[in-house]
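Trainee: Show me how the following folds:
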Amino acid sequence: MGRELALQLTAEGCSVAMCDVSADNMAITEDLCRATMPAGTTVSSFVADVSSEQQLVAFREHVVRTHCPDAPALHLLFNNAGVGGGGSFVDDDRSNWEATFNVCWGGVYLGCRTFMPLLLAADKGHVVNTSSVNGFWASLGPGVPHTAYSAAKFAVKGFTEALITDFRVNAPHLSASVVMPGHIGTDIVLNSGAYHGRSPKELTEAQVAEERVRLAKRGLDVSGASDDDIRLGLQMMGEGFRDTAPTSAAQAATIILDGVRRGDWRILVGADAVSLDEVVRENPTIAYDPEFNDILQARRLFQFAADPE
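Mentor: Residues are numbered from 1 along each chain as shown. Just a heads-up that it's a prediction; the model follows:
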């Protein structure tokens, strides 16, 4: 979604600075932005991991140096970075779990901390924090642990809602929105694997063995599959997550920006997100019981149930 947000913002004449761990991906985004943005618009990129405060501070210095050296200020802050992984608090490696949590929650917290001085210096500003449907429903189905990502997204949701009052009292020129996407056509599954050193095509024998155990716990019989079959299957799952999504990244970005323009503090992205929100509210006491999945299946919601690890 980040690329599409940058494209749509620059097309409207907003100067945009972005950060990511992939310089190559950002270079593509910059080229696409420059092809459509009006004269006088600036787009820039900076390699940074949002889980590192030191790297975000360096990014802030880049933003000031490149975009607003004479009057440092920021009007829109999008904390959108996210990775999957760390599904099980019980079984998964601690470093993997914390890496996911530190990007998905820490990136939002540190992003707000780092750029708050520039937001306060603006005449008007807005913070957009990306949570997820997993910020109100901590599951991918009855057989798929999803703890690190869900815990982080719940934190993002609560933090952003709390900011609304904090801003009203202490910085009334600022406002905030929490974004909760459903299944969006992005490469988060494949990118998450790369971030954690587990790209499907490059899995080691030991990592494939770990994937076999994880898949077996989900009720999948992969005993007859070769290691290359496992690698290919996981690659196809990641591509399928992207290619079969009911909402494209471009559509998601439009929904988000329209919500920001309206001043919405809560932005559900995708018809599936809206429907899931309704179902959880209608059935709060069984939301984590196996029978809840039957309700989702009946409404054709989230049948992909893929663990983005």
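Trainee: which strand of the chain spans the most residues?
Mentor: Ranked by residue count under DSSP state E, the longest strand found in the chain is strand 174-181.
Trainee: quick one: strands adjacent to that one?
Mentor: strand 125-130 (parallel), strand 266-269 (parallel) (DSSP bridges).
Trainee: hmm, who's touching it?
Mentor: 1, 80, 119-120, 124-133, 135-136, 156-157, 160-161, 163-164, 167, 247, 252, 256, 259-260, 263-270, 273, 277 (CB atoms under 8 Å, 6 or more residues apart in numbering). C-beta coordinates here come from the backbone N, C-alpha and C atoms, glycine included.
Trainee: Quick one: mean pLDDT over that strand.
Mentor: The pLDDT scores in strand 174-181 average 98.
Trainee: Walk me through the domains of the protein.
Mentor: Domain ranges of the chain: 2-186+249-298, 197-244, per automatic domain parsing.
Trainee: so can I have CSV of those domains showing mean neighbour count?
Mentor: Formatted as CSV, the domains of the chain follow (neighbours: other CB atoms under 10 Å):
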stretch, mean neighbour count
domain 2-186+249-298, 18
domain 197-244, 14
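Trainee: about what we covered before: now the strands paired with strand 174-181 as JSON lines including mean pLDDT and distance to M37?
Mentor: Shown next, in JSON lines, are these (pLDDT from 0 to 100; distance: least, CB to CB, whole Å):
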{"stretch": "strand 125-130", "mean pLDDT": "98", "distance to M37": "20"}
{"stretch": "strand 266-269", "mean pLDDT": "98", "distance to M37": "24"}
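Trainee: Put together TSV for those, with distance to L203 on each row.
Mentor: Below are the strands paired with strand 174-181 laid out as TSV (distance: least, CB to CB, whole Å):
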stretch	distance to L203
strand 125-130	28
strand 266-269	31
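Trainee: right, and the helix or strand after the host helix or strand of L56?
Mentor: L56 belongs to helix 53-67 when assigned by DSSP states H and E. For helix 53-67, the succeeding helix or strand toward the C-terminus, using DSSP H and E, is strand 76-79.
Trainee: which other helices and strands contact that following strand?
Mentor: On a contact count with 3 or more CB pairs under 8 Å, 6 or more residues apart in numbering; DSSP states H and E, strand 76-79 meets helix 2-11, helix 107-121, strand 125-130.
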